[in-house]
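A.B. asks: coords please:
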Amino acid sequence: MASTSWTLLVLIVAGTAQAHLLRENLRDVRTEVAVTYMRGIIGPFVDAFQADGSVPANIKRELDEVIESTGLALQIADVKIWRLDGSQIYGYKDLDLHARADSDEFQMAVNGELGSDFEDGDSFAGTADLHEIYIPLRDRDGQVIAVGEFYEDYGRVDAIAFEILSGSWAIRLAALATLVAILTFIVREAARTLQKQRSEISSNYRKRSALLLQNRNLIASAEEAHRQALKSGERLLSQIGSEIHDGPIQVLTLAALHAGFEKKEQGGAPRGENKVADLIQSALSELRRISHGLILPDIETLNTQDTVRTVVDLHQRLTGSEVRLSFKTLPEGLSPELRACMYRVIQEGLNNGYRHAGGRGQAVEVGSSAGKIEITVENDALESSSSTDAARPRLGLKGIRNRVQSFHGSADFRIVDGRAILEIELPMTRSNGDVKARQ
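C.D. replies: Predicted coordinates:
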């Protein structure tokens, strides 16, 4: 709105200035034309003036006819001829023998120069602006013998200027209207395009939001399925451990008791039978280790540190080895699935170390950093000659990596300075938002 007002103001100012310049130029041109006409019309009659400067009647009639026939009557309001002393000797519309011309413009014409003056019209009286012009009239010898005066009617000039300006403004307004129409069309098309693009963007945004929600739901479903699979796997392992304890272990225990009873009844047993009894006892020990290793403790009731201590204590009790355990800053509130994963990978790492190094120099360190759980299991890098120390099925390093990767973690094994080092990183997944750090 402000820009439109400024545009209209500029157009009005420019139009007013143009009207003024055009009016002045038209006045100047028409004045020059009128002066030329007057000199050409009155000049030939100058030599016919009488010696006293008067105009004969026949000359007056001829002057009247010439003025009317040339069309000057439409432009010239009146024509007068004055003697050099200021007395009037001719009047096209009115002859006043008592009138006297003594203005400065008249004196300029007497001295051979062109004199002019403006007379403002009266809008209430219906008179237009007049241009009063005095021209010197010369004889054949170039002497000024009279002064011609005529009044140019500027009403006609203003009418012509109005016609020209009206046409000019009509063209301008038409061009402006065309430009406004074009700009309006462009703006509407741009607005329509923007609205279309906005609608497409909104539609795409809604589709994208729906896809994101669908992806979140799928991810949540996948994570839930993963958690359920882990729980099912752990339940299966615990069930297998229980079945081993309630089945083969019980049968072998009865067999061992029966063999011992018969040996006692017979006051001794052959050497072969003693060997069978020893094998039964060895099998019982191995099956007990397997059973205890497969059964997962109640993770739901244990915090993070207690989970780690439980697996370390169980390993020490089953193997009789010593494990150095240390904690760094460790958060609580981790999900049961993550704690179960920590339990299993530490268990397998310790079992591998016991199998390959006989449990020498075993150490476990657990901490957290940058949103990750960091687990390090170490032992001396020595080969064990015993083939019966690790009497349970083992996942091995590949199994550890598979389990860790299911939690988007990583596992790295290396031997440095005679130490076998297993490093594990697990992203933290919490069971709720209340997480506390413990030293």
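
A.B. asks: surely Y354 meets Q362?
C.D. replies: Yes: under the criterion of C-beta atoms under 8 Å, Y354 makes contact with Q362 at 7.2 Å. For glycine as for every other residue, the C-beta is placed from the backbone atoms N, C-alpha and C.

A.B. asks: common neighbours of those two, please.
C.D. replies: Residues touching both Y354 and Q362 by C-beta atoms under 8 Å, 6 or more residues apart in numbering: S321, N379.

A.B. asks: quick one, strands of the stretch 251-400 of the chain?
C.D. replies: Counting by DSSP state E, counting those that start in this stretch, the stretch 251-400 of the chain has strands at residues 323-327, 330-331, 362-369, 372-380.

A.B. asks: hey, least reliable of these by pLDDT?
C.D. replies: Among the strands of the stretch 251-400 of the chain, strand 330-331 has the lowest mean pLDDT, at a mean of 84.

A.B. asks: so what strands line up beside that strand?
C.D. replies: Here strand 330-331 is paired, per DSSP bridges, with strand 437-438 (antiparallel).

A.B. asks: rounded mean pLDDT for the longest helix seen in the chain, please.
C.D. replies: Identified as the longest helix of the chain according to DSSP state H is helix 154-246. Helix 154-246 carries an average pLDDT of 81.

A.B. asks: how near is S166 to A14?
C.D. replies: Distance of S166 to A14, given as C-beta to C-beta, to the nearest Å: 16 Å.

A.B. asks: so what's A420 closest to, chain neighbours aside?
C.D. replies: Nearest-residue entry for A420: A381, 4.4 Å, with adjacent residues in sequence omitted and distances by C-beta to C-beta, 6 or more residues apart in numbering.

A.B. asks: need the contact list for that neighbour.
C.D. replies: Neighbour list for A381: H356, A357, I415, G418, R419, A420 [criterion: C-beta under 8 Å, 6+ apart].

A.B. asks: nearest to R39 among these?
C.D. replies: When the contacts of A381 are compared for distance to R39 (C-beta to C-beta), I415 comes out closest, at 126.4 Å.

A.B. asks: check which helix or strand covers that closest one.
C.D. replies: strand 410-416 (DSSP states H and E).

A.B. asks: tilt between that strand and strand 372-380?
C.D. replies: 30 degrees (axes from the mean of the first three to the mean of the last three C-alpha atoms, to 10 degrees).

A.B. asks: buried sites along strand 410-416?
C.D. replies: By neighbour count with 16 or more other C-beta atoms under 10 Å, strand 410-416 contains the buried residues A411.

A.B. asks: which is the next helix or strand following it?
C.D. replies: Downstream of strand 410-416, the first helix or strand assigned by DSSP H and E is strand 419-427.

A.B. asks: so for that following strand, what's the average pLDDT?
C.D. replies: So the average pLDDT for strand 419-427 ends up being 93.

A.B. asks: equivalent analysis for stretch 340-354, please.
C.D. replies: For stretch 340-354, the mean pLDDT works out to 88.

A.B. asks: buried set for that stretch?
C.D. replies: For stretch 340-354, using 16+ other C-beta under 10 Å, the buried residues are 340-354.

A.B. asks: nearest to V66, out of these: which one, please.
C.D. replies: Closest approach to V66 among those (C-beta to C-beta): C341, at 125.4 Å.
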